[in-house]
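> What follows is a predicted protein model with its sequence.
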Amino acid sequence: MPAMHGTTILAVRRDGVTALAGDGQVTLGQTVMKRGAVKVRRLEGGVLAGFAGSVADAFTLFEKFEEQLKAARGNLQRAAVETVKLWRTDKILRQLEAMMVVADREQLLLLSGTGEVLAPDEPVLGVGSGAPYALAAAKALLRETALPAPEIAEKALRIAAEIDLYSGGEITVLTVGEAR
C-alpha cells in the first residue's frame, strides 16, 4: 500500500496575533483521498498545534503534548521539550512519523521525533511537503506588505498548493492573540 503523503502547516506571528494554517488535502500515493481534513487544533490556554505526517501518529502526539502542556501549566516551551523527550525515548513513540508546530501569542516551535524543539529566527514556521514554498511566500508577505498574520498564512498556503502536489484542499486558519 502506498504511503500517505504530504501536507503544509504554516505558523505566522504579527502584531500580537499568531495564525496557524493547515491545508486539508490527504493523499494516498498519487491519489487525493480527501480535501477537507483538519490538521490544526486549538488547545487549552491559547495554544495552537498542527501536524504533518501520519494522522494516527499525529493524534498520539497531540495527546502526549496536551498532557505535557497541562503538567507544565501552560508553559509552551517546557511542554514541547518534555514531549520531544518522551518521543525520543519511548520505544513505541519513537516509531511515530510526524512533525508538529505548536504556537501561542509569543512563540512558534517545531517539534520532531529526532529531538528538535526549534524556534525560528523570524516569526514564521512551516512543516510538511509544501513548507519551503509556504515559508518563502510568507516571508515575502511579512516583509513587503502590512497584511495581518491570518491573511499571510492563508495566502502563503494557497501559493504553496499551486506548487506542491501534496498540498491543497480546504485551508483551516486558527488564531490566538489580539492585534495591537
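Ah, there it is. Remember, predicted model here, so these are calculated numbers, not experimental data. Residues are numbered from 1 along each chain as shown.

> For this structure, which residues score under the pLDDT cut-off?
Of all residues in the chain, those with pLDDT under 70 make up the ranges 1-5.

> can you do 80?
The model of the chain has pLDDT under 80 over residues 1-6, 29, 54-56, 91-97, 179-180.

> just the strands in it please.
Secondary structure of the chain (DSSP state E): strands located at 4-5, 8-14, 17-22, 26-28, 31-34, 40-43, 47-53, 98-103, 108-112, 117-118, 124-128, 172-177.

> Can you tell me which of those strands is packed in deepest?
strand 8-14 (a mean of 29; mean count of other CB atoms under 10 Å). No exception for glycine: its C-beta is placed from N, CA and C like everyone else's.

> So in that sheet, which strands flank that one, and in what orientation?
The pairing partners recorded for strand 8-14 under DSSP bridges are strand 17-22 (antiparallel), strand 124-128 (antiparallel).

> closest to I159 out of the strands of the chain?
Nearest to I159, of all those, is strand 8-14, at 10.0 Å by CB to CB.

> Can you report how many residues lie near the closest residue to G177 other than its chain neighbours?
Distances taken as CB to CB, 6 or more residues apart in numbering put R105 closest to G177, at 3.9 Å, once the chain neighbours are dropped. A count of nearby residues for R105, using other CB atoms under 10 Å, gives 16.
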